[in-house]
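Asker: Compute the structure for the input listed below.
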Amino acid sequence: QLQLVESGGDLVQPGGSLRLSCEVSELEHYAIGWFRRAPGKEREGVASFSSRGGSTFYSHSVRGRFTISRDNAKKTVYLQMNDMKPEDTAKYYCAAETYGMGSLSSSKYDYWGQGTQVTVSS
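Answerer: Modelled structure (predicted):
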């Protein structure tokens, strides 16, 4: 059973930055995606990369502000979030898809972490 543990959520002011981490028990052969769910809204895929690591994908709402990256040695995936906005407030989850292409569709993913809360407010 693959395990994912998110960390790094916090309260940040608009325009600020935050980096989330997702420690994965095994990173090879998995596509990893970051998703978020705000109160009263559906879960949204924000960033992902394919299992081969060669392709990254971003939602329109975060493209140019968020960056997904990985450290294979540490088995950790990061989500760097810059120029944050109040609408980025949500609980953020990382997920893994076996041999995945890096979809932003949550239905593709097999394993999920417990999430970390991000709040953007002055």
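Asker: and the nearest residue to Met84 once chain neighbours are set aside, what are its bridge partners?
Answerer: Spatial nearest neighbour of Met84, excluding adjacent residues (CB to CB, 6 or more residues apart in numbering): Val120 at 4.8 Å. The way it works is simple: take the backbone N, C-alpha and C, and place the C-beta from them, glycine included. Beta bridges link Val120 to Val12, judged by DSSP bridges.
Asker: any idea where the strands of this structure begin and end?
Answerer: Along the chain, counting by DSSP state E, strands occupy 4-7, 11-12, 18-24, 30-37, 44-49, 56-58, 66-71, 76-81, 90-98, 111-112, 116-120.
Asker: Those strands: which one's closest to Ser105?
Answerer: Evaluated over those, closeness to Ser105 peaks at strand 44-49, with 6.4 Å, by CB to CB.
Asker: can you dump the C-alpha coordinates of the closest one into PDB?
Answerer: Taking C-alpha atoms only, strand 44-49 is exported to PDB below (Å, rounded to 0.1, in the frame of the first residue of the first chain):
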ATOM      1  CA  GLU A  44      -9.700  20.500  -8.300                       C
ATOM      2  CA  GLY A  45      -6.500  19.100  -9.800                       C
ATOM      3  CA  VAL A  46      -3.900  21.900  -9.800                       C
ATOM      4  CA  ALA A  47      -0.600  20.300 -10.800                       C
ATOM      5  CA  SER A  48       0.800  16.900 -11.800                       C
ATOM      6  CA  PHE A  49       3.700  15.100 -13.500                       C
END
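Asker: returning to what we had before: quick one: residues contacting the residue nearest to Met84.
Answerer: Residues near Val120 by CB atoms under 8 Å, 6 or more residues apart in numbering: 11-14, 16, 84-89.
Asker: No further questions, thank you.
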